[in-house]
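Engineer: With the input below, show me the fold.
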Amino acid sequence: MLMLRRISVAVWLLLVPSLLAAPKVPVKKLAIPQLDGTTWISETFEKRTMLVTFLPNGILRYSYGGTTYENGTWKQTGDTLYWEKNQKYAEFNAKITSEKIEGKCHNVTGLKWETTLVPSEGTQHPQP
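Structural biologist: Prediction:
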């Protein structure tokens, strides 16, 4: 038992200094996009395509089912996003990455669902 303990200590003494001396590989952080003026595509709870534009001054424009609305607000703080639609009928909290926005929605009826948004590739809101 004493021999095993001595071997363990010897191995530990050999490995630890080399691990501490190993060069640190820098982790490249991807930039979090500022959402102001950008448009993203997602799906509603009912699986209908929804287009979302983050307008200046925290105004949220969204379209689905052929109708466009501007009765929502949004706020970005670093890599987090909050929005509400129709006087908080539905709310969304999410994390923003360089490639997508992922989060959870809920509405006043108690429905809860997960939502992922991806950048729009030139898709436009329907004209009123």
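Engineer: Buried ones in stretch 82-98, by neighbour count?
Structural biologist: For stretch 82-98, burial by neighbour count (16 or more other CB atoms under 10 Å) applies to 83-85, 90-92, 94, 96. (Glycine included, C-beta is placed from N, CA and C.)
Engineer: between those, which is nearest Thr38?
Structural biologist: Taking CB to CB as the measure, Ile96 is the one of these closest to Thr38, at 10.4 Å.
Engineer: The buried residues of stretch 82-98 in strands, which ones?
Structural biologist: Among those, the members found in strands (DSSP state E) are 83-85, 90-92, 94, 96.
Engineer: possible to save those as TSV with pLDDT?
Structural biologist: TSV is the format used below for those (pLDDT from 0 to 100):
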residue	pLDDT
Trp83	97
Glu84	98
Lys85	96
Ala90	97
Glu91	98
Phe92	97
Ala94	97
Ile96	96
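Engineer: Cross-check the contact I'm expecting between Ser98 and Gln34.
Structural biologist: No. With contact defined as CB atoms under 8 Å, Ser98 does not reach Gln34; the gap is 11.6 Å.
Engineer: from the ones in strands among the buried residues of stretch 82-98, which is closest to Thr53?
Structural biologist: Nearest member of those to Thr53, counting by CB to CB, is Trp83, at 11.2 Å.
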